[in-house]
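> heads up, no residue letters with this:
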């Protein structure tokens, strides 16, 4: 990393007094909490069924009351995640369709990918090998949009296949027999792919990057320092300042107890995720 980037990273992590700016609302943070909690639960209960012959899967099943209990909790987490997804979908449709809020489905504040994201991806790759400057980002970077839409893909593919297995007699009324066999494979492999992606790529992109290491706290506290805002999303900062909307985003600094509590929760989640990743890889190679 260039010296300037290193200095900026150190400033962010040792930094700061000064103004803070709101990035995520309380509702968005609550939804994310439900999302990562249920996903960890689905991973922790799904992997033992996927690798039921592994020693750690058998011991885990024995500790929680057998594979029947694992299936029960897996379904419970699935229902909770589905409800959270539907709540989020309702909020998006309310804002974009009913309230006609600009920027939901297109533009610099949208989670929909655009041409700038393609240029940012190429520019980022060039920067990583020293062939160009680091691209400057708006409200959402290209990898954040990819993570966001991966949830939609997962809910459609993994979610539908899971419910098709759960309510097989109902789905058998309009699906051929081979399709019900296929959903088992799809659910297992797509779920495994999601777990490997979240516990490796997402963790690295979000928390283990040099300018966020060891953890990006904004998704827990909802706010970020002005230095962090300028460094990570300089184009959004400049746009809000230019439009006279920057002051409206000023927020109070997070309470120390809440920051520490969030760190504990975040580190526990990362520890569980990395542990499940190691156990998954051990099931293949040991």
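Yes, it's here. As the structure is a prediction and not an experimental result, all values here were calculated from the model.

> just the strands in the protein please.
For the chain, the strands defined by DSSP state E cover 20-22, 223-225, 250-251.

> and the second one, what's its mean pLDDT?
Pointing back at strand 223-225 there. Averaging pLDDT along strand 223-225 yields 94.

> shaky segments in the protein?
Along the chain, segments meeting pLDDT under 70 span 1-17, 286.

> Helices along that one, start to end?
When assigned using DSSP state H, the helices of the chain occupy the ranges 3-14, 26-50, 55-64, 67-93, 115-128, 142-166, 168-171, 177-196, 203, 218-221, 226-232, 234-243, 256-285.

> could I get those as JSON lines with distance to residue 249 and mean neighbour count?
Any C-beta I mention is one placed from the backbone N, CA and C, and that applies to glycine too. Listed next are the helices of the chain as JSON lines, based on distance: least, C-beta to C-beta, whole Å; neighbours: other C-beta atoms under 10 Å:
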{"stretch": "helix 3-14", "distance to residue 249": "18", "mean neighbour count": "13"}
{"stretch": "helix 26-50", "distance to residue 249": "14", "mean neighbour count": "18"}
{"stretch": "helix 55-64", "distance to residue 249": "44", "mean neighbour count": "14"}
{"stretch": "helix 67-93", "distance to residue 249": "20", "mean neighbour count": "15"}
{"stretch": "helix 115-128", "distance to residue 249": "21", "mean neighbour count": "14"}
{"stretch": "helix 142-166", "distance to residue 249": "18", "mean neighbour count": "17"}
{"stretch": "helix 168-171", "distance to residue 249": "46", "mean neighbour count": "12"}
{"stretch": "helix 177-196", "distance to residue 249": "33", "mean neighbour count": "16"}
{"stretch": "helix 203", "distance to residue 249": "27", "mean neighbour count": "17"}
{"stretch": "helix 218-221", "distance to residue 249": "13", "mean neighbour count": "20"}
{"stretch": "helix 226-232", "distance to residue 249": "9", "mean neighbour count": "19"}
{"stretch": "helix 234-243", "distance to residue 249": "6", "mean neighbour count": "15"}
{"stretch": "helix 256-285", "distance to residue 249": "19", "mean neighbour count": "14"}
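
> one step back: to residue 239, which of the strands of the chain lies closest?
Checking these against residue 239 by C-beta to C-beta gives strand 20-22 as the closest, at 13.0 Å.

> for that closest one, packing partners?
When contacts are defined as 3 or more C-beta pairs under 8 Å, 6 or more residues apart in numbering; DSSP states H and E, strand 20-22 packs onto strand 223-225, helix 226-232, strand 250-251.

> Tell me which of those approaches residue 134 most closely.
Across those, residue 134 has its closest neighbour in helix 226-232 (10.5 Å, C-beta to C-beta).

> Nearest to residue 130, out of the helices and strands packed on strand 20-22?
Set against residue 130 and scored by C-beta to C-beta, the helices and strands packed on strand 20-22 come closest in helix 226-232, at 20.0 Å.

> ok, residue 96 - contacts?
Contacts here follow C-beta atoms under 8 Å, 6 or more residues apart in numbering; on that basis residue 96 touches 104, 105.

> who touches the nearest residue to residue 148 once chain neighbours are set aside in this structure?
Nearest non-adjacent residue to residue 148, counting by C-beta to C-beta, 6 or more residues apart in numbering: residue 111, 5.0 Å away. Listed by C-beta under 8 Å, 6+ apart, the contact partners of residue 111 are 140, 144, 145, 148, 149.
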